[in-house]
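Engineer: Return a 3D structure for these sequence lines:
(one chain, ligands or ions: 2)
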Amino acid sequence: MTSHRDGAPGPAPTGVRVLLQRLDPGLPVPAYAHPGDAGADLCTREDVELAPGERRLVGTGVALALPEGYAGFVHPRSGLAARHGVSIVNAPGTVDAGYRGEVKVCLVNLDPAEPVRLRRGDRVAQLVVQRVERAAFELVDALPGSARGEGGHGSTGYGAPVPAPAGEHHRTSAPVTAPGGG
Ligand SMILES: O=c1ccn([C@H]2C[C@H](O)[C@@H](COP(=O)(O)OP(=O)(O)OP(=O)(O)O)O2)c(=O)[nH]1
Ligand SMILES: [Mg+2]
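Structural biologist: Ligands and ions are numbered 1, 2, ... in the order given. Next up, the predicted model:
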């Protein structure tokens, strides 16, 4: 049996083996829409209407047992985001290998004006299963140097790097202009 959306038999699945429990047999199981897709679509278990700015935690009707060394990441779907402003509050949500509860999605309507209505069974998110490392944190008094050092949070500017003309202080590009600003 494969994880095709319609449950139809097909070629033997390839990839890392993930145990999947259906908590709601009426709902499709996560499925990759195309060969080569990174994300398997997840459905909402319930009808949900989100006012502008509203969020809601919805179930997907599935629970997983991911192998040790893997995690599932719950990503938004780009079509819902672009067309309706629907995203995921904690994107990407992290599903730990040891988690046996229902996979849930914290949807949010980011549209400033329009409510959005999602129906039970709509594909509202996608699960990306990835190998993850666990860190062995090692406490030290000082860290080794690096090319970046402590620069971050826009330290390289926002446009393409522009070489500074001789005698001028270095900057990376024209300043970013606020929307509608001059
Ligand atoms: O989008 C998500 C994110 C998380 N989870 C589940 C699986 C994950 O293993 C568990 C805990 O998630 P996380 O660690 O992000 O949440 P927390 O707020 O730190 O909760 P906890 O204290 O239970 O770890 O919740 C989901 O079903 N969907
Ligand atoms: Mg946690």
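
Engineer: Which single residue in this protein comes nearest to ligand 1?
Structural biologist: Gly93 (1.8 Å; Cβ to the nearest ligand atom). For glycine as for every other residue, the C-beta is placed from the backbone atoms N, C-alpha and C.

Engineer: Give me the three-state assignment for the closest residue to that residue other than its chain neighbours.
Structural biologist: Closest residue to Gly93 in three dimensions, ignoring its sequence neighbours and counting by Cβ to Cβ, 6 or more residues apart in numbering: Val74, at 3.6 Å. Per DSSP: H, G, I helix; E, B strand; the rest coil, the local secondary structure of Val74 is strand.

Engineer: Spit out the contact partners of the residue of the chain closest to ligand 1.
Structural biologist: Phe73, Val74, Lys104, Val105, Cys106 (Cβ atoms under 8 Å, 6 or more residues apart in numbering).

Engineer: which residues sit in contact with the third one?
Structural biologist: Contacts were defined as Cβ under 8 Å, 6+ apart; by that measure Lys104 touches Leu57, Val58, Gly59, Thr60, Gly93.

Engineer: can you check the last one too?
Structural biologist: For Cys106, the contact set (Cβ under 8 Å, 6+ apart) comprises Arg55, Arg56, Leu57, Ile88, Val89, Asn90, Gly93.

Engineer: Over to the fourth one?
Structural biologist: For Val105, the set of contacting residues under the criterion of Cβ under 8 Å, 6+ apart consists of Leu42, Thr44, Leu57, Val58, Thr60, Val74, Ile88, Gly93, Val124, Ala125.

Engineer: likewise Val58?
Structural biologist: Thr44, Arg45, Glu46, Val48, Lys104, Val105, Leu107, Val124.

Engineer: ok, for it, nearest residue in space, not its chain neighbours?
Structural biologist: Thr44 (4.5 Å).

Engineer: so the one you found makes contact with Asp122?
Structural biologist: Yes: applying Cβ atoms under 8 Å, one finds Thr44 in contact with Asp122, separated by 5.6 Å.

Engineer: So for these two, which residue has more residues nearby?
Structural biologist: Neighbours were tallied for Thr44 and for Asp122 using other Cβ atoms under 10 Å; the higher tally belongs to Thr44 (23 against 17).

Engineer: Got the confidence number for that one?
Structural biologist: Thr44 is assigned 98 on the pLDDT scale.

Engineer: ok, and does the helix or strand that contains Gln130 reach over to ligand 1?
Structural biologist: Assigning secondary structure by DSSP states H and E places Gln130 in strand 123-131. No: interface with ligand 1: strand 123-131 contributes nothing (Cβ under 6 Å from any ligand atom), its closest point being 7.9 Å away.

Engineer: is any part of the longest strand seen in the chain close to ligand 1?
Structural biologist: Scanning the chain for the strand with the most residues, using DSSP state E, yields strand 55-65. No: applying Cβ under 6 Å from any ligand atom, one finds strand 55-65 separated from ligand 1 by no less than 7.9 Å.

Engineer: That's all I had, so thanks and see you.
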